[in-house]
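Student: sequence first, predicted coordinates after that:
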Amino acid sequence: MTTLPTGLRAARDLLRQMHRTVAEARDQVVTNDPRPTHTAETVPIALVPRHHARLRQTAARRHAMLAQHIGALLAAMRQTGPEQDDGYIEQPTLLNTAETRVVSAVCSACKGACCTAGREQAFLRVRTMREYAAAHPLLTDDEIVQAYLAYLPERALHPGCVYQGARGCTLPRDMRSAICNRYLCTGLQQAVDAATPETVGVFVAHRDGVKVSGGRLRALPVLG
Ligand code: SF4
Ligand code: SF4
């Protein structure tokens, strides 16, 4: 059995080695690609996890749990002021067009490993509800609950967040929690940092313990 290295230095060395492996695989792919637009500079690498979940019909019980959670958040929102909201992670990460396309390509390849813990609560908080209610002042609390339920996919990844559909998160960005709009894992952050207007794709590989798997060139999606 392969074991993880112990110690910070060993872990760092291993990560560097994994990045080298992915970069070499990327170099080989772009060298063999006849398109002159595809070079090591225009195809950054991303070494990210991969969510091993299956798409399944979501049980009605899970939707009911989400509705109950949102109802409780709205009730708390009505009894408190914004100064009492959780201030942790204030702002969404600001991304330009190239960076947004990179995030979309990489996270869809990963299938949302970091979303797994969302389960029936989707990381929604009182603060999320307060912002949504302020942007939609004519909606009653029941209508807000219904607005959230309307975006649930029929089939979601299990185990995972109720909003993890076949093509990623089905909840619009302005309805998600700040953490959902903020978080970029280390591997994705590196790819985003390397993105430029000339970026044509991302070479995405997955890490599983000490192993690297699945290196593949992913084209950037066209954003609507
Ligand atoms: S942020 Fe990282 S872990 Fe989360 S879905 Fe995107 S690639 Fe996967
Ligand atoms: S709401 Fe969307 S982004 Fe947030 S955890 Fe669920 S699937 Fe992921």
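Tutor: Noted; the coordinates are in hand. Ligands and ions are numbered 1, 2, ... in the order given.
Student: switch to C-alpha atoms for all contacts and neighbour counts from now on
Tutor: Will do.
Student: tell me if the helix or strand of the chain with the lowest mean pLDDT is near ligand 1.
Tutor: In the chain, no helix or strand scores lower on mean pLDDT, DSSP states H and E than strand 168-169, which sits at a mean of 86. No: judged by C-alpha under 6 Å from any ligand atom, strand 168-169 and ligand 1 are separated, with a smallest distance of 8.5 Å.
Student: how many other residues sit next to the nearest residue in space to residue 201 that is not next to it in sequence?
Tutor: The spatially closest residue to residue 201, leaving aside those adjacent along the chain, is residue 219, at 4.4 Å (C-alpha to C-alpha, 6 or more residues apart in numbering). Applying other C-alpha atoms under 10 Å, we find 16 residues neighbouring residue 219.
Student: which residues does residue 219 contact?
Tutor: 105, 200, 201, 202 (C-alpha atoms under 8 Å, 6 or more residues apart in numbering).
Student: tell me the predicted confidence for it.
Tutor: As predicted, residue 219 sits at a pLDDT of 94.
Student: the helices in the protein, which residues?
Tutor: For the chain, applying DSSP state H gives helices covering 8-32, 60-79, 97-110, 126-135, 141-149, 178-182, 186-194.
Student: which stretch among those helices comes nearest residue 210?
Tutor: helix 8-32 (7.6 Å; C-alpha to C-alpha).
Student: kindly provide the distance from the residue nearest to residue 201 to ligand 2.
Tutor: 21 Å (C-alpha to the nearest ligand atom, to the nearest Å).
Student: quick one, grab the pLDDT at residue 2.
Tutor: pLDDT at residue 2 comes out at 53.
Student: do the same with residue 104
Tutor: 88.
Student: what number of residues lie near the nearest residue to it once chain neighbours are set aside?
Tutor: The shortest distance from residue 104 to any residue other than its chain neighbours is 7.1 Å, reached at residue 221 (C-alpha to C-alpha, 6+ apart). Neighbouring residues of residue 221 were enumerated by other C-alpha under 10 Å; the total is 14.
Student: near ligand 1, which residues of the chain are found?
Tutor: 48, 49, 106, 107, 110, 111, 112, 113, 114, 184, 185, 188.
Student: narrow these to just the buried residues.
Tutor: The neighbour-count test (16 or more other C-alpha atoms under 10 Å) marks 48, 49, 106, 107, 110, 111, 112, 113, 114, 184, 188 as buried among the residues of the chain next to ligand 1.
Student: so which of those residues would you say is closest to residue 57?
Tutor: Closest to residue 57, out of all of those and judged by C-alpha to C-alpha, is residue 111, at 16.9 Å.
Student: how far away is the closest one from residue 167?
Tutor: When distance is defined by C-alpha to C-alpha, to the nearest Å, residue 111 is 8 Å away from residue 167.
Student: now residue 46
Tutor: 19 Å.
Student: who has more neighbours, these two?
Tutor: residue 46 (25 against 13).
Student: bridging residues for the residue nearest to the more buried one when sequence neighbours are not counted?
Tutor: Among residues not flanking residue 46 along the chain, residue 204 sits closest, at 4.9 Å (C-alpha to C-alpha, 6+ apart). With DSSP bridges applied, residue 204 shows beta-bridge pairing to residue 46, residue 216.
Student: is it correct that residue 204 is in contact with residue 43?
Tutor: No: with contact defined as C-alpha atoms under 8 Å, residue 204 and residue 43 do not form a contacting pair (9.8 Å).
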